[in-house]
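Asker: What follows is a predicted protein model with its sequence.
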Amino acid sequence: MSAIPKQHLSTKELTMTALFVTLITAGAFIRVPLPNCPFTLQILFTTLAGIILGSRLGAISVGIYIILGLIGVPVFTSGGGPGYVLQPTFGYLIGFMVGAYVVGRFSETSQTYSVKRLLIGAIINLLIVYGFGMVYLYMIMNLYLGTPIGWWPVIWSCFLIPVGPDVFLCAVAAVMGKRIISQLR
């Protein structure tokens, strides 16, 4: 019988993961209200989690944040609890975790940690977040809440309106990520 090797996290890894859970939570409460899709700083902090912590720990930090919210800690933009999975914006949270993993892979495979490469990873991350978020919102609104919404209003209010500031936040994450990585390594 072969044993599964245990992976232990260092104190630094645990601390950094906890720091990003805290930053993502804070980012949820720094928001600009928009119809259906509030604009927050979560994309900045989830992107930085992936860039700085890497794919595994970046996704884990977002996963811990999601678990905290689902068990009832009011860390999400509109509260918390298991019923939050029925909120139209829950798909963005899933997208944050997948996106953090993907941008983390870009960071891990980078030899130079160039801003350009990190920005490409951050933009792909952003597209993943928007993809999960908009599809989930459309499905919940139309199939569960019985509040029909077409694709055009979803694209308008949940992509075209907030994408400019989010692309800016991706650029900020790429620049900050490069600087922070150079200091940590």
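Answerer: Noted; the coordinates are in hand.

Asker: Can you list phi and psi of Thr40 for me?
Answerer: For Thr40, the backbone dihedrals (degrees, to the nearest 10) come out as phi -130, psi 180.

Asker: right, I mislabeled it, should have said Arg31
Answerer: phi -140, psi 160.

Asker: how close does the residue nearest to it when sequence neighbours are not counted get to Trp152?
Answerer: Spatially, and ignoring its direct neighbours in sequence, Arg31 is nearest to Thr40 (4.3 Å; CB to CB, 6 or more residues apart in numbering). Any C-beta I mention is one placed from the backbone N, CA and C, and that applies to glycine too. According to CB to CB, to the nearest Å, Thr40 and Trp152 sit 24 Å apart.

Asker: ok, those two, which is more surrounded?
Answerer: Thr40 (24 against 9; other CB atoms under 10 Å).

Asker: Tell me which residues touch that one, please.
Answerer: Neighbouring residues of Thr40 by CB atoms under 8 Å, 6 or more residues apart in numbering: Gly27, Ala28, Phe29, Ile30, Arg31, Val32, Thr77.

Asker: now the strands: where do they sit in the chain?
Answerer: For the chain, the strands defined by DSSP state E cover 31-32, 39-40.

Asker: residue contacts, the residue sitting nearest the centre point of the chain?
Answerer: Compute the mean C-alpha point of the chain, and by CA atoms, centre = their mean the closest residue is Phe96, 2.4 Å away. Phe96 sits next to Ile24, Gln42, Ile43, Thr46, Val62, Tyr65, Ile66, Val129 when contact means CB under 8 Å, 6+ apart.
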